[in-house]
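>>> Okay, predicted coordinates and the sequence, questions at the end:
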Amino acid sequence: MNKFSKIIAAIMLMMVAAVSCTKPDGPNNGGNNNGQNDSIIHDGGTLNGYEYVDLGLPSGILWAICNVGADVPEDCGDYFAWGETVPKDIYDWKSYKYGNFINEQYEFTKYCTDSVYGLNGFVDNLILLEPSDDAAKANWGADWRMPTIDEWEELYLNTTFARTTQNGADGWLFIASNGKSMFLPAAGYWWDGEFTSAGLGIYWSSTINKDFPYRSWGLHFNPDNCHLCGSSDRNRGQSVRAVCSMSSH
């Protein structure tokens, strides 16, 4: 694909609806049951003072029971642009740490897999966030980190999930085969100074979309569906749910 074609493709992608998703092949994992206060059963442990749940996943990864910046599962927590570790007031390209979007042209200075999107042709081919740019690690300590898109997919394919409400907060409950569960609140997101909720949950992974590096992968849900997506611009303010491993203990 030549440079002109890639720029046109990028512009067309930006015109697609905010949540433009592809759902991986796998079982039909639940659906919208409009559950009310389904019980969260985490019964896990703590690491650096933050609680986790063992959902019995094949990788052994342990998931935090709260969003980064939250004290209880139903709280929204803080919002982060992808690759940034501190919440801020405005989430736009002008304030984004590793790039800008000027005159219909992206100018990334880190995490760029294609010279079309890099400042003066910059490319570093970094696919995953480095530890210094990981919001979970920066806020909760070295043993925590943001999940990769593969780890989100593992959660998606190995749990049953359904829309529910916890203490008045809308979201989705993920129930593992070992009987333990994890609640993700519909925390919404920030973009260009505006907050959007409408029952949406937009959770970052640490994995970039290498074909269109101005976006990064994550788990998204709305009131009707839960799915893995690659439609989030990196400058958005979105939720972070942390993971750790047994080796961290």
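Looks like it arrived, so ask away. Numbers count the residues shown, from 1 in each chain.
>>> So the residue minimising distance to the centre of the chain, which state does it fall into?
In the chain, the C-alpha nearest the mean C-alpha coordinate belongs to residue 204, at 1.5 Å (C-alpha atoms, centre = their mean). Assigned by DSSP: H, G, I helix; E, B strand; the rest coil, the conformation of residue 204 is strand.
>>> OK, contacts around it?
Taking C-beta atoms under 8 Å, 6 or more residues apart in numbering as the contact definition, residue 204 lies against 80, 82, 135, 146, 216, 218, 232, 238-240. Where you see a C-beta, it was placed from the backbone N, CA and C, and this is true even at glycine.
>>> Need the per-residue pLDDT for it.
At residue 204, the model reports a pLDDT of 98.
>>> Now for residue 79, how many residues are close by?
Neighbour count for residue 79, taken as other C-beta atoms under 10 Å: 25.
>>> That one touches residue 196, doesn't it?
No: using C-beta atoms under 8 Å as the test, residue 79 is too far from residue 196 to be in contact (11.4 Å).
>>> just checking, next helix/strand downstream of the worst-scoring helix or strand of the chain on mean pLDDT?
Least confident helix or strand, the chain: strand 30-31 with a mean of 40, by mean pLDDT, DSSP states H and E. Going down the chain from strand 30-31, the next helix or strand is strand 45-47, by DSSP states H and E.
>>> Show me what the helix or strand that that next one is followed by is in contact with.
Following strand 45-47 in sequence order, the next helix or strand is strand 50-53 (DSSP H and E). The contact list for strand 50-53 (C-beta under 8 Å, 6+ apart) reads 42-46, 62-66, 140, 144, 180-182, 242, 244.
>>> Chain neighbours aside, what residue packs nearest to residue 52?
residue 62 (4.2 Å; C-beta to C-beta, 6 or more residues apart in numbering).
>>> ok, residue 86 - how many residues close by?
Around residue 86 there are 11 other residues, counting by other C-beta under 10 Å.
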